[in-house]
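In: this one's sequence-less:
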């Protein structure tokens, strides 16, 4: 049976804090993944010689984002 009183309240707060920290770690990992993907796209765009290719790639990316 669960403990009653202040000890149970402290345990509940600790568990909530741990869930929050884990959620923030997941969010940070997701943000790092998106940054890595964006960095790869920027690198590809910078490597393109023709500005027409860059423009077309940006339009394609914009269309892809709309379809998601």
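Out: Received, thanks. Just so it is clear, the model here is predicted, and its values are computed rather than measured. Residues are numbered from 1 along each chain as shown.

In: Are there helices or strands packed against the longest helix along the chain, and which ones?
Out: Using DSSP state H to define each element, the chain has its longest helix at helix 6-47. The elements that helix 6-47 packs onto, with contact taken as 3 or more C-beta pairs under 8 Å, 6 or more residues apart in numbering; DSSP states H and E, are helix 51-67. From N, CA and C alone the C-beta is placed, and that goes for glycine too.

In: quick check: angle from the longest helix of the chain to helix 51-67?
Out: Computed by axes from the mean of the first three to the mean of the last three C-alpha atoms, to 10 degrees, the angle separating helix 6-47 from helix 51-67 equals 150 degrees.

In: For helix 6-47, what does the pLDDT average out to?
Out: Averaged across helix 6-47, pLDDT comes to 93.

In: Distance from the chain centre to it, please.
Out: On the basis of C-alpha atoms, centre = their mean, to the nearest Å, helix 6-47 sits 7 Å off its chain's mean C-alpha point.

In: could you measure residue 56 against residue 23, distance?
Out: In this structure, residue 56 and residue 23 are separated by 39 Å, where distance is defined by C-beta to C-beta, to the nearest Å.

In: What of residue 34?
Out: Using C-beta to C-beta, we find residue 34 at a distance of 17 Å from residue 23.

In: same thing with residue 55?
Out: As for residue 55, its distance to residue 23 is 39 Å (criterion: C-beta to C-beta).

In: Appreciated, that's everything.
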